[in-house]
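1. Model the following, please.
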Amino acid sequence: MTQTIKKSFKDIISGTVLLFVAKVTLIAAIVSYIIMAWLVGDSINSFIASYLSWIPWEWLQTTGVKVASIAIGYMVFIIMISIVTSFMIEPLLIELAKKHYPETKVVGTPNITTSILISLKSAVMMFLIFIFTFPVMFIPLVGAVYMLWLWSILLKKPTIYDVSSLFISDKKKIKERTKKSTLLSMIAAAFNYIPLFSIFSAVFAQILFLHYILGGKED
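-> Model prediction:
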């Protein structure tokens, strides 16, 4: 696991990956702005205020609405980063695989429609869980782990599909090599705790899974 993480960090600071992240971030930022400005608007704030109305302390209700609104906006951006990354990642994964594992052959290609649907399903699941459980984020320590787990939902299944579809055709082998997928996803999700670095979370997850799956048990 240690070697897998080290390799992933080396890759993520390469010029190729940084350029990829820049493209993804630009697209995700534009789409996120459209969603938050036109499609969501005040309806989310109204929902949050209504949802928190059971809390007896008015100051906590007000603070909760503000924090949750910011968190939702941030989450929409992270979701879009993940979806756009999944949509564009194939050439980058192939390039990195050729660099680190030249004997590994590309055995397939992710179906774009399936990839997007898996990403959307994971995003909707994460968003719904967050909407109905977000007060947990205010619990010290527990809230930190809760957010990592929540973000891992967004990354886990789309990343497994994107990477495995390119290099592994045997479903049993995929299952065997993704046993620690939740832990890997949570490690990648840690980038989201630093806003400036959150743009690397999804691509780091993809690279992390690439090395873990293709690198076998070398750690």
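2. Quick one: low-confidence residue ranges for the chain.
-> The chain contains residues with pLDDT under 70 at 38-69, 216-219.
3. in the protein, which residue is closest to the centre?
-> Geometric centre of the chain, nearest residue: L155, 3.7 Å, by Cα atoms, centre = their mean.
4. Whichever helix or strand L183 is part of - contacts with which helices or strands?
-> L183 is part of helix 181-189, with elements assigned from DSSP states H and E. With contacts defined as 3 or more Cβ pairs under 8 Å, 6 or more residues apart in numbering; DSSP states H and E, helix 181-189 has these neighbours: helix 142-167, helix 201-214. Where C-beta positions appear, they are placed from N, C-alpha and C, glycine not excepted.
5. For the first one, which helices and strands make contact with it?
-> It refers to helix 142-167. helix 58-88, helix 90-100, helix 112-133, helix 171-177, helix 181-189, helix 201-214.
6. list the helices and strands the third one packs on?
-> For helix 112-133, the elements it packs on are helix 58-88, helix 142-167, judged by 3+ Cβ pairs under 8 Å, 6+ apart.
7. so who does the residue nearest to V163 when sequence neighbours are not counted touch?
-> Spatially, and ignoring its direct neighbours in sequence, V163 is nearest to F209 (4.6 Å; Cβ to Cβ, 6 or more residues apart in numbering). By Cβ atoms under 8 Å, 6 or more residues apart in numbering, F209 lies in contact with 159-160, 163, 178, 181, 184.
8. quick one: which of these has the most company?
-> T159 (33 neighbours; other Cβ atoms under 10 Å).
9. ok, that residue touching S185?
-> Yes. Applying Cβ atoms under 8 Å, one finds T159 in contact with S185, separated by 7.0 Å.
10. Find residues that contact each of those two.
-> A205.
11. residues touching the residue nearest to K121 when sequence neighbours are not counted, list them.
-> Using Cβ to Cβ, 6+ apart and skipping the chain neighbours, the partner closest in space to K121 is K157 (7.7 Å). Counting by Cβ under 8 Å, 6+ apart, K157 makes contact with 118, 121-122.
12. Now render those residues as JSON lines, adding neighbour count and distance to S82.
-> Formatted as JSON lines, the contacts of K157 follow (neighbours: other Cβ atoms under 10 Å; distance: Cβ to Cβ, whole Å):
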{"residue": "I118", "neighbour count": "21", "distance to S82": "11"}
{"residue": "K121", "neighbour count": "12", "distance to S82": "12"}
{"residue": "S122", "neighbour count": "23", "distance to S82": "8"}
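13. Now render those residues as TSV, adding distance to H100.
-> As requested, the contacts of K157 are arranged in TSV below (distance: Cβ to Cβ, whole Å):
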residue	distance to H100
I118	25
K121	30
S122	27
